[in-house]
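In: Have a look at this prediction, sequence included:
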Protein chains: 2
Amino acid sequence: MKSAIPKVTVQRLPVYLRCLESLPSGQRRVSSDDLATLAGVNAAKVRKDLSHLGSYGVRGVGYDVDKLKLQIGLELGLEQDWAVVIVGIGNLGRALANYAGFEERSFRIVGLFDADDQKVGQSLDGLTIEPMSRLPEVVAEQGARIGIVTTPAHAAQQVADLLADAGIRSILNFAPTVIKAPKGVDVRRVDLSTELQVLSFYLHRKG
Amino acid sequence: MKSAIPKVTVQRLPVYLRCLESLPSGQRRVSSDDLATLAGVNAAKVRKDLSHLGSYGVRGVGYDVDKLKLQIGLELGLEQDWAVVIVGIGNLGRALANYAGFEERSFRIVGLFDADDQKVGQSLDGLTIEPMSRLPEVVAEQGARIGIVTTPAHAAQQVADLLADAGIRSILNFAPTVIKAPKGVDVRRVDLSTELQVLSFYLHRKG
DNA sequence: ACATGTGAAGCGCTTCACAGCG
DNA sequence: CGCTGTGAAGCGCTTCACATGT
């Protein structure tokens, strides 16, 4: 019940958190069975996952909704604000600047960057698009730790290197390519084409 | 070396394919080691993954790049065109309509839908945004099998149900909620907040 | 009585290490 | 010799089943 939380559990905690937030505000308790149904997983998995956070359930009763929300938030580090920069302000970058900005309290977008001089200076979501040369300065000033890459594939690796050099510790890569980052910099990839191709595989197979 | 390809392998095949496509056009062969480096995985994994497609490598030499691209494409069902509809034309829906449209040959966007009457009739990426009532008709006419959900969370389940009823067999869900679909309908979730929260967890932990 | 927490078994993926083959 | 293909071992996650606690 201590330190090492399995990776797969970490990936499910945000889902549980969202399910808890979707409960009617009057509901004080929730069982592993109910939460499992909401999250689309099996109840034993919910209990095992939550047991990694410590024992916050009551046998014979269930989990206290508010305590559990708080505990998951703490575990995920959501009590603090994370400053985020976005590099590559095309269609997707624009969408994320708006989307991510209001959706999540813990993530604050503090900088938008693009290599295209025509875009620099434009305003978006209350921020001005800045040139790549300003990246190190803004990251340092704002204490940004997270960078979102929404550039074309051919630029992504270079941008990732610049982000790492500037002090970014985690990268969310939407560019359709694999990027390498130095040790200590975490990269997660979100790839539309990959997802479509996986769907294609199963469609192709099953009918 | 036959039928059952592990899920994890299916998810990596698109990555291998992209790595192969990024090779200089003169390069005819590639080793599992090289491909592994490009894809950011271990060479044994590449060989095991590719062995599920059959034996397309030559011992002592490597894999024929063109043959391998063809074979992966066939396995993923990319030789055929998949008709795709997008429901929910907000910022993200708009971005995907443009992005996905030109990026992938195998996926053709054939319909854009939104519940907002103000958006209906607008033009985007050569298509006109249509009302939800037209969904069944368009899906049937165009033979669409894949649906992309980019609605707000509260509308996603209802939209998924409508898609399933209309004959959609695979759903890519960008809405920040878990959706349930009937048997035979495959759902994949892409969730920005989840990804950010996972990054937050590791940042929080490691420093 | 009832739902959690958890050993233990089961399962699938990863990795190793080397046989097999050009 | 070099690199693939693969049995086998290793590892981590899932699921079961029930002891535990209220």
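Out: Thanks, I have it.

In: Now tell me which helix or strand of chain A has the poorest mean pLDDT.
Out: helix A:91-103 (a mean of 82; mean pLDDT, DSSP states H and E).

In: quick one: A:P136 is in a strand?
Out: No: using DSSP: H, G, I helix; E, B strand; the rest coil, the assignment for A:P136 is helix, not a strand.

In: what sits against it?
Out: A:D165, A:A166, A:G167 (CB atoms under 8 Å, 6 or more residues apart in numbering or on different chains). All C-beta atoms are positioned from the backbone trio N, CA, C, and that covers glycine.

In: Going by neighbour count, which of these are buried?
Out: A:A166 (16 or more other CB atoms under 10 Å in any protein chain shown).

In: Tell me the one among the contacts of A:P136 nearest to DNA strand C.
Out: A:D165 (27.8 Å; CB to the nearest atom of the strand).

In: Remind me what the helix or strand containing that closest one packs against, helices and strands.
Out: Take DSSP states H and E as the rule and A:D165 turns out to sit in helix A:153-166. Counting contacts by 3 or more CB pairs under 8 Å, 6 or more residues apart in numbering or on different chains; DSSP states H and E, helix A:153-166 packs against strand A:82-87, helix A:135-142, strand A:146-149, strand A:170-173.

In: one more time with 7 Å
Out: helix A:135-142, strand A:146-149, strand A:170-173 (3 or more CB pairs under 7 Å, 6 or more residues apart in numbering or on different chains; DSSP states H and E).

In: What residues of it count as buried?
Out: Neighbour-count burial for helix A:153-166 [16+ other CB under 10 Å]: A:A153, A:A155, A:A156, A:Q157, A:V159, A:A160, A:L162, A:L163, A:A164, A:A166.

In: what's the pLDDT at the residue most central in space within chain A?
Out: The centroid of chain A falls nearest to A:L172 when counting by CA atoms, centre = their mean (7.5 Å). With respect to pLDDT, A:L172 scores 98.

In: residues contacting the closest residue to it other than its chain neighbours?
Out: Of all residues not flanking A:L172 in the chain, A:I148 sits nearest, at 4.8 Å (CB to CB, 6 or more residues apart in numbering or on different chains). Neighbouring residues of A:I148 by CB atoms under 7 Å, 6 or more residues apart in numbering or on different chains: A:V84, A:I86, A:L96, A:L172, A:F174.

In: What of A:G62?
Out: Taking CB under 7 Å, 6+ apart, one finds A:R29, A:V30, A:S31 in contact with A:G62.

In: Stretch A:20-27: which residues count as buried?
Out: In stretch A:20-27, counting by 16+ other CB under 10 Å, buried: A:L20, A:L23.

In: And stretch A:41-59, by the same measure?
Out: A:V41, A:V46, A:R47, A:D49, A:L50, A:H52, A:L53, A:G57.

In: Check the first one and give its pLDDT.
Out: Note for A:V41: predicted pLDDT of 98.

In: cool, and the last one?
Out: According to the model's per-residue confidence, A:G57 sits at a pLDDT of 93.

In: What is the nearest of the contacts of A:P136 to A:L112?
Out: Nearest to A:L112 out of the contacts of A:P136 is A:A166 (CB to CB; 14.4 Å).

In: So the closest one is in contact with A:R134, correct?
Out: No: between A:A166 and A:R134 there is no contact under CB atoms under 7 Å: 10.0 Å.
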